[in-house]
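Trainee: Just a sequence and a predicted model for now, questions to come.
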Amino acid sequence: MSNALKILITSQKGGVGKSTVSANLAAYFSYISGKKTSLIDFDHQATAGKWVKKAYPIGIDCMTVDLPNAKGSGIALLKAKEALRKCVDTMEVVITDLTWTDVLPPDFLFEFDLVLVPSSLSRVELDSTLEFVNRFSFVFNSRLRNPPKLVIVPSRVDNLQTYESIFSKSFNAGFFLSPPVMYSTSANEFFGTEFFVMTTNKEIRENFIEFGRSIEQLGEIEADLKLNTRQNALTHKVSGSILDRFRAVRNSSENPSVRAAANDSARIKPGGRIKAVIPSFLMMGRDG
Ligand SMILES: Nc1ncnc2c1ncn2[C@@H]1O[C@H](COP(=O)(O)OP(=O)(O)O)[C@@H](O)[C@H]1O
Ligand SMILES: [Mg+2]
């Protein structure tokens, strides 16, 4: 059995930041963590693949796969699984960028350890995220098979936003909320030239490293769970998360300073972060 950490970055909506997160998360694992990392790009436009191929080479193995559009034939699934199989035996981390279409069956999600769904905090994007999550909640809630962990990635977030809009939605599956990938005006300029984790822009670099670290930590917990060595690790470690603080913010006044504090606690400085296990994750139960 392969021990590679398999991460799918997906949503049915375009323009939410999937390719940006995919290319830069691959760079995080390769450059910051020094892990053998593969990027599989299932998108026709192959944005993430182009980014990795054009930018300064940092050893990311890159595969672009065009999935056939024949719904119901099973060919797309075969091709997608074959691409994954090619990577998992030789790689430590496999990052997959896919705009979800119904060419693939929901079962495909079970191939992954983590399913990351980037979404801005805007109503329109959150509604689309909610629809996606609820449509596949039976996968994420599965008790018969080892389900992938669902991670919602607030993407293109500006400093003034809080997570309130996420908490107000009725998600039918438990999920993790990663630290946000902040909006940066340079995101477009970076395409194919620079990775967020390598830029001299300290704010962008640290923000993305913090995000990458949280995903890596969740991957480690998932690996532990898989090995059955620390069955209770997850519930134990997540207890006392900053979720409580967010609840407090939600239930308290509309006081702007309290709202700002919510964002601050979501972005604790990197040094302080390493000590705790998944300090920046919020774990949401089905009842929120
Ligand atoms: N963190 C960010 N800050 C600013 N712009 C971003 C950010 N992430 C993505 N974008 C921009 O949003 C657009 C869509 O991003 P992309 O990663 O291609 O999304 P998707 O793969 O979901 O279609 C691009 O123009 C990209 O530069
Ligand atoms: Mg894309």
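Mentor: Arrived safely. Ligands and ions are numbered 1, 2, ... in the order given.
Trainee: Need phi/psi at the one residue in the stretch 101-250 of the chain that gets nearest to ligand 2.
Mentor: Of all residues in the stretch 101-250 of the chain, P118 sits closest to ligand 2, at 9.9 Å by C-beta to the ion. The C-beta positions use only the backbone N, C-alpha and C, and glycine is treated the same way. Main-chain torsions, P118, degrees, to the nearest 10: phi -70, psi 140.
Trainee: Give me the pLDDT for it.
Mentor: In this model, P118 is scored at 98, pLDDT.
Trainee: Which helix or which strand is home to the closest residue to it other than its chain neighbours?
Mentor: Sequence neighbours aside, S155 is the residue nearest to P118 in space, at 3.9 Å (criterion: C-beta to C-beta, 6 or more residues apart in numbering). Taking DSSP states H and E as the definition, S155 sits inside strand 149-157.
Trainee: Provide the strand pairings for that strand, with the direction of each partner.
Mentor: strand 114-119 (parallel), strand 175-177 (parallel), strand 181-182 (parallel) (DSSP bridges).
Trainee: TSV for those strands, including mean neighbour count and distance to V151?
Mentor: Compiled in TSV, the strands paired with strand 149-157 are given as follows (neighbours: other C-beta atoms under 10 Å; distance: least, C-beta to C-beta, whole Å):
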stretch	mean neighbour count	distance to V151
strand 114-119	25	5
strand 175-177	23	5
strand 181-182	24	12
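Trainee: Please tabulate the ones you listed in JSON lines, including the columns distance to I95.
Mentor: JSON lines is the format used below for the strands paired with strand 149-157 (distance: least, C-beta to C-beta, whole Å):
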{"stretch": "strand 114-119", "distance to I95": "9"}
{"stretch": "strand 175-177", "distance to I95": "17"}
{"stretch": "strand 181-182", "distance to I95": "14"}
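Trainee: can you pull the contacts of the nearest residue to E125 once chain neighbours are set aside?
Mentor: Take E125 and drop its neighbours on the chain: the residue closest to it by C-beta to C-beta, 6+ apart is S119, 4.8 Å away. Applying C-beta atoms under 8 Å, 6 or more residues apart in numbering, one finds that S119 lies in contact with S11, K13, V16, E125, L126, S128, T129, I152, V153, P154, S155.
Trainee: And for the last one, the neighbour number?
Mentor: I take that to be S155. Counted with other C-beta atoms under 10 Å, the neighbours of S155 add up to 24.
Trainee: OK, contacts around L84?
Mentor: K6, I40, V94, T96, E111.
Trainee: next one: phi and psi at it?
Mentor: Backbone torsions of L84, given as degrees, to the nearest 10, read phi -60, psi -40.
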